[in-house]
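[1] when you get a sec, could you give me coordinates for this:
(one chain, ligands or ions: 4)
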Amino acid sequence: QARSALPHKYVIFSQQLRDAALNRMELDAALRRALERQEFEVYYQPFIDLASGQCLGFEALVRWQHPQRGLVPPGQFIPLMEETGLVVPLGKWVLQEACQQLKSWQTQLKQPQLTMSVNVAALQLTQPGFLEVLDDVLRTTGIAPPCLKLEITETTLMQNTETIRGSLDEIKARGINLSIDDFGTGYSSLSYLHLFSFTVLKLDRSFVTQLESSSKSIEIVRHIARLAQNLNLALVAEGIETQQQLVLLQQLEFQEGQGYLFSAPLPASTAHQWLRDRIS
Ligand code: C2E
Ligand code: MG
Ligand code: MG
Ligand code: MG
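    Residues are numbered from 1 along each chain as shown. Ligands and ions are numbered 1, 2, ... in the order given. The predicted structure is shown next:
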């Protein structure tokens, strides 16, 4: 895959994992141990203001730092953790970790407007205690609610619609931003916009990838962009890899973007340096 150009060592690992054919029970047991042993690590990928090139904030992306196997990407363990419920304690930890990190960057680097986006599984949103967890994290870290963004992947919105809707309304009422992640990949993208109170539309990477190769996709994205504007949603693009994609997205009036063109997800210390170098 195109990942080979990046400082990610997990492509080989992923093959090994498949070869080893770790069964679900083994993987689940390993993940439980990993939580206890604190083997998870949060990486941070910057969000860029597409007009000015300025860094607006970061997205927290979890990795499993396996003692033997190295860095394991979330695609290889989040789905199982969603099924077994382990994503709930993991997600709580990621939220705390990312918010603490944000607070420290805001104060140390004197960037109080920086934002942090945290991916949240649907299962977290349906847990009765989730709002308390959120309030707790905001209170203990002292982060202003608008600096926090929760990203919910579109394809997870199909089940428990009513519970999730109630939960999202409560979150929005607190002034926290809500992004619909991977927009355009679900069965019913447009109806989700209608049903849930999102404040940010994050266009799926697949649309960005296709921008350069077909004028049809430009038209589709133009429509999505107009829709987002009419609904007062901020427009964000993920997976920007080329200068040409950037130019097209600027023309389509996307405000924010992320992608390897700017930076891959980075460990906290590297992200700190990256940010420091950029603002000085
Ligand atoms: P996502 O939230 O849509 O995150 C974007 C993914 O695209 C990340 O993969 C990121 O590393 C990758 N990416 C960013 N820029 C580019 C680019 O320019 N080109 C390409 N090809 N890829 C790019 P990652 O880190 O492997 O995460 C995969 C998914 O795992 C995330 O998709 C998110 O849905 C989920 N995830 C990650 N962290 C968490 C978490 O803490 N909790 C939950 N529930 N899910 C998480
Ligand atoms: Mg995301
Ligand atoms: Mg996404
Ligand atoms: Mg995605």
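
[2] ligand 3 contacts on the chain?
    181-182, 238 (CB under 5 Å from the ion). Bear in mind the C-beta positions are built from the backbone N, C-alpha and C, glycine included.

[3] from the residues you listed, which are also near ligand 1?
    181-182, 238 (CB under 6 Å from any ligand atom).

[4] of those, which belong to helices?
    Within these, no residue falls in helices by DSSP state H.

[5] out of those residues, who's the most crowded?
    Taking other CB atoms under 10 Å as the neighbour criterion, residue 181 ranks highest of these with 25 neighbours.

[6] can you pull up the bridge partners for that one?
    When assigned by DSSP bridges, residue 181 has beta-bridge partners residue 153.

[7] ok, back up a step: would you format the residues of the chain next to ligand 3 as JSON lines with pLDDT and distance to residue 195 included?
    Shown next, in JSON lines, are those (pLDDT from 0 to 100; distance: CB to CB, whole Å):
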{"residue": "181", "pLDDT": "95", "distance to residue 195": "16"}
{"residue": "182", "pLDDT": "94", "distance to residue 195": "17"}
{"residue": "238", "pLDDT": "97", "distance to residue 195": "22"}
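
[8] all helices of the stretch 151-280 of the chain, in order?
    Remark: helices assigned in the stretch 151-280 of the chain by DSSP state H, counting those that start in this stretch are 161-173, 189-195, 205-211, 215-230, 243-251, 268-279.

[9] for these, which one sits closest to ligand 2?
    Ligand 2 sits nearest to helix 205-211 of all the helices of the stretch 151-280 of the chain, at 10.2 Å, using CB to the ion.

[10] please export the C-alpha coordinates of the closest one as CSV.
    C-alpha atoms of helix 205-211 as CSV (Å, rounded to 0.1, in the frame of the first residue of the first chain):
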residue,chain,number,x,y,z
ARG,A,205,-10.6,10.2,2.3
SER,A,206,-12.0,8.2,-0.7
PHE,A,207,-13.5,11.4,-2.1
VAL,A,208,-10.3,13.3,-1.7
THR,A,209,-8.4,10.5,-3.5
GLN,A,210,-10.7,10.6,-6.4
LEU,A,211,-10.7,14.3,-6.9
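
[11] and it with ligand 2, contact?
    No - for helix 205-211, no contact with ligand 2 is found by CB under 5 Å from the ion; the gap never falls below 10.2 Å.

[12] in the longest helix seen in the chain, what's buried?
    Ranked by residue count under DSSP H, the longest helix found in the chain is helix 87-108. Judged by neighbour count (16 or more other CB atoms under 10 Å), helix 87-108 contains these buried residues: 87-88, 90-92, 94-103, 105-106.

[13] hey, what's the residue nearest the centre of the chain bridged with?
    Nearest to the mean C-alpha position of the chain, by CA atoms, centre = their mean, lies residue 119 at 4.5 Å. Applying DSSP bridges to residue 119 gives these bridge partners: residue 151.

[14] all numbers from here: first residue = 748
    Okay, residue one is now 748; in that scheme the one you just asked about reads as residue 866.

[15] mind listing what it touches?
    806-809, 838, 841, 897-900, 928 (CB atoms under 8 Å, 6 or more residues apart in numbering).

[16] now restrict the residues you listed to buried residues only.
    806-809, 838, 841, 897-900, 928.
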